[in-house]
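Asks: Sequence and predicted model, in that order:
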Amino acid sequence: MLQLLPDSLILKILNFLEPLEVVKVSECSTILREVCQDQLLWRDLFHRYFHIPSFYQNPLVRDDWLAEFIRLYDQVPIVQSEEINVHSDQVLHVSYSHDGNRFATTGKDACIYIWKSTMYPVEQEYSYNMERFSWKYTQFSQFNESDSLLLVSGVQFGTYSTSGEIAIFGFKNGFELRCRTSNKPYDIFGSWYTDTYFFSADLHWLDNLISKSVIWLNKASQEAESEHKAIMNRIFKFYNPQASSIRSLLIANCVQGCEISTESICTTSDSCKPNSNHLVLDNGHYWKTRRDDEPGNQPSKNLALRLAEIDASDIPRHAQPRISWKKSPQNNVSSIDYTEEFHKTRFDRTISNNDEKFDDGQKACSSKNLKKFQSSSNSGDVSINFQQSSKEVPSSNSSVSSSSGDISLEEVEDTDVLDGSGFNQPVPSTTRHKSEDSENSDEEDKVMDPREKLMIFTCGSETYTPHQIGFKRLKPFQFKGRLELGMTLAQRIQEKKRREEEPDDDTGPPMDYRNYESVAHLFDKPDSILDLRGHIIGMTLSPDHRYLYVNCRPWPTEAIISNPLRPPPIAQEIDIHVIDLVTLRQVGMMHKAHRAYTPHEECFFIFLDTCEEYLASGAEDRAGYVWDRHYGIPLCSLPHTDVVNSVAFNPKNSEILVTVSDDSTAKIWRSKRLCRELGINYHNIQVQMGTRLYLNKKRTVRTPNVNNNI
């Protein structure tokens, strides 16, 4: 009888079913199995089940729609598989090593804990208490590129202290402290520049509400062999008006096509207007061709599905109706509104590849995706599994080699005056990466890293709260390794006597730091500045360093700042901005993405993290949140009992996510697929599960705003 029915009629019937009901139907006969493999059927089911806008006509991550459904249903970290309770106070930050073998947690107990993540359950590997150095708490950590060193940033004791320190730990001989350096203000955090050099900062007040931020480049090991051997170089000195300062320093590898002018500054009014300084890439260099033998997300032709014991209780029994895409997010969660520019950049290559494989009416879904169906006789559960080795996300840090000559750092003394940018003119030199083995070499003035980099930081021009993002391009340069000998002690005494005997002939006017135009030549200028008109409370880079994701609590639309010490009130919702670092334009926006409640004077950092597939963020409403980076939809919320301060994906396996909270715990979340692989029974009532956000029928999603620029 089925042979007499046209495929189009069967497909129309199947469209009224839920995705997992289609899987069950495919078991009934060979004919139904073939029809259930239709690519367009799974596209429509995927759009309806995950609330995906209909303009996504091609899968963005996997090679077919069935594999995309499996990814978002079965491979999102939503099961709380472990809970860590070793911190005695609030846990503030978590970071993963690049190889995914370790992660570090820091908190208000002034401790740093290192965990082995290569096994289940995770094991504590090292710990260190920084109270012996008068640290109030540890607030941030970052592994270097080779994962041989760990940067830890902390806050020093003091009621109103803004001082902090950066400590560097090595893993060569256990967990050893290698060096410490001051860092002010403490919320600049610090960042690695190369494998063995890192950035710190210092703050000096020049006048009422006027200060300067000095950026220093430091050696990760500061045991100097000679008093004439430099261990730190001054890089930049920035002017800070209205009681503001440089904060939240990030270093990104410049993506191909990134052309930031070093001649002018984009201010509040023109920061996002198209101009000749912004080059737009048609294809964005974001996507890369995947090889069959490359680790990571393997093509769907390697997938095999089977029925097992997955809980399908959260799948609605009846097909959900077609939804309308309105602009009113529900339950404090919204989708990413991507611009037309973002879609063009991301879709061009995807559409050109997929159009060759799929035509309308073509059954393009591989038959291997539906060949291993089974029914569970003991329970009504339905599951979708696929055979795949542990996923590894390949390193995708984009980099380019500079065609220009190398730039040497100018040696300057610690005074209030600098003569420009702090760099000398380019000089020819052979570029090569500096390794840890050559750190103590007698050779000096080598180019530290041949890759051009982008320094990203928060700053302000109207109030002391950070409401702007500054960008400064770093071309390859040389570390000035030898200090000038200078005057001897006898010469210094002689010079002092000479100055005392000579009359003071300095009749010039005093330096007026309030008049920026008169002192602008003494400071370095950011290449570009973007103003978000709100309190910036978090930033992170995409794995390829192409996109910057920013947590921001916006000000009222018509806010006027008359006193820099009294910034406008900030919203209780956190917006997430997505900025393309090639064009320095906003290409995505999540209005009211999640919640925050503290006022501006108590506002603190909420850290984000990204992997190849997902975006995650903490929040003050006692949950972490996960979105799909490609379709922009919210996927799940991960509950805690207090504020979630930071999140971190395993860089080699996006099915593992760690969240840390003010409830003094760190929770490890794994996907259902990974839990089954590890033998974790998430049907147990004691196992906490996240909440799937796309199953909320009341939630509506916004259409992309094609003109949504900063």
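Replies: In hand now; what should we look at?
Asks: switch to C-alpha atoms for all contacts and neighbour counts from now on
Replies: Will do.
Asks: ok, M539 to K136 distance?
Replies: 24 Å (C-alpha to C-alpha, to the nearest Å).
Asks: Which of these two has more residues huddled nearby?
Replies: M539 (25 against 20; other C-alpha atoms under 10 Å).
Asks: any idea what sits nearest that one, other than its immediate chain neighbours?
Replies: V550 (4.4 Å; C-alpha to C-alpha, 6 or more residues apart in numbering).
Asks: Count the residues that sit near the one you found.
Replies: For V550, using other C-alpha under 10 Å, the count is 24.
Asks: now swap in the one 5 residues further on and tell me
Replies: The local packing of W555 (other C-alpha under 10 Å) involves 18 other residues.
Asks: can you check Y338 too?
Replies: Y338: 25 surrounding residues under other C-alpha under 10 Å.
Asks: Please name the bridge partners of the closest residue to it other than its chain neighbours.
Replies: Closest residue in space to Y338, ignoring its immediate chain neighbours: G588 at 4.1 Å, by C-alpha to C-alpha, 6+ apart. G588 has these beta-bridge partners by DSSP bridges: Y338, V578.
Asks: And the helices in this protein?
Replies: Here the chain has its helices, by DSSP state H, at 7-14, 19-25, 30-35, 39-50, 65-74, 340-355, 489-501, 516-519, 672-678.
Asks: Would you reformat those helices as a markdown table and include mean pLDDT, distance to C611 and mean neighbour count?
Replies: Formatted as a markdown table, those follow (pLDDT from 0 to 100; distance: least, C-alpha to C-alpha, whole Å; neighbours: other C-alpha atoms under 10 Å):
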| stretch | mean pLDDT | distance to C611 | mean neighbour count |
| --- | --- | --- | --- |
| helix 7-14 | 87 | 34 | 14 |
| helix 19-25 | 87 | 26 | 18 |
| helix 30-35 | 87 | 35 | 16 |
| helix 39-50 | 92 | 20 | 21 |
| helix 65-74 | 93 | 14 | 21 |
| helix 340-355 | 57 | 16 | 16 |
| helix 489-501 | 84 | 56 | 10 |
| helix 516-519 | 93 | 41 | 12 |
| helix 672-678 | 94 | 17 | 19 |
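Asks: Which of those sits closest to S97?
Replies: Proximity to S97 (C-alpha to C-alpha) singles out helix 672-678 among the helices of the chain, at 20.1 Å.
Asks: one step back: doesn't I579 make contact with the residue nearest to Y338?
Replies: Yes: counting by C-alpha atoms under 8 Å, G588 touches I579, with 7.0 Å between them.
Asks: of the two, who's got more company?
Replies: Higher neighbour count among G588 and I579: G588, with 29 against 23, using other C-alpha under 10 Å.
Asks: what residues are up against the residue nearest to K172 when sequence neighbours are not counted?
Replies: Closest residue in space to K172, ignoring its immediate chain neighbours: S148 at 7.0 Å, by C-alpha to C-alpha, 6+ apart. By C-alpha atoms under 8 Å, 6 or more residues apart in numbering, the contact set of S148 is G170, F171, K172.
Asks: Ok, T641 next?
Replies: R622, A623, D663.
Asks: which residues touch the first one?
Replies: With contacts defined as C-alpha under 8 Å, 6+ apart, R622 is in contact with P639, H640, T641, D642, V643, V644.
Asks: Name the member of the residues you listed with the most neighbours.
Replies: V644 (32 neighbours).
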